[in-house]
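*Asks:* Sequence first, predicted coordinates after that:
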Amino acid sequence: MSRPETGRMQFGDNWTGIFIRGDHALQHALWLKTALQKFVPQDSMESRVCEGLLKTLSAVQSDEDKQTLREYSECKSE
């Protein structure tokens, strides 16, 4: 079975984006949370940006605002 891997992805002629597999997103969220606690000053611009990314990565556990597409094998080009 074909599946998308973490990396660059583009739909048609739209901007290239980044797809992060759910299992990778959760791992990155864990490491980012640890780094925020240890290295980033609270209430700084950096912490707010990182907290936004952490929220995005952690959202993989929720169905809220989820976009569902066709199977990857039907979408990908060779």
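*Replies:* Everything's here; your move. Residues are numbered from 1 along each chain as shown.
*Asks:* where along the chain do the strands fall?
*Replies:* 7-9, 17-19 (DSSP state E).
*Asks:* Rebuild those as CSV, extending it with mean neighbour count.
*Replies:* From N, CA and C alone the C-beta is placed, and that goes for glycine too. Below are these laid out as CSV (neighbours: other C-beta atoms under 10 Å):
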stretch, mean neighbour count
strand 7-9, 11
strand 17-19, 11
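*Asks:* Tell me which of those strands lies nearest to residue 61.
*Replies:* strand 17-19 (16.9 Å; C-beta to C-beta).
*Asks:* Run through who's touching the closest one.
*Replies:* Strand 17-19 is contacted from outside by 4, 5, 6, 7, 8, 9, 10, 11, using C-beta atoms under 8 Å, 6 or more residues apart in numbering.
*Asks:* can you redo the strands of the chain as TSV with mean pLDDT and distance to residue 45?
*Replies:* What follows is the strands of the chain, written out as TSV (pLDDT from 0 to 100; distance: least, C-beta to C-beta, whole Å):
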stretch	mean pLDDT	distance to residue 45
strand 7-9	94	27
strand 17-19	95	22
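*Asks:* closest one to residue 31 among those strands?
*Replies:* Closest among the strands of the chain, using C-beta to C-beta: strand 17-19, at 16.5 Å.
*Asks:* any idea how far the closest one is from the chain center?
*Replies:* 8 Å (C-alpha atoms, centre = their mean, to the nearest Å).
*Asks:* One more: stretch 61-73?
*Replies:* 12 Å.
*Asks:* Mind checking the pLDDT average for that stretch?
*Replies:* Stretch 61-73 carries an average pLDDT of 88.
*Asks:* oh, and call the first residue 46 from now on, that's how I've got it
*Replies:* Got it, the first residue is 46 from now on, which makes the last one we talked about stretch 106-118.
*Asks:* Tell me the span between the first and last residue of it.
*Replies:* Length of stretch 106-118, first residue to last, C-alpha to C-alpha, to the nearest Å: 23 Å.
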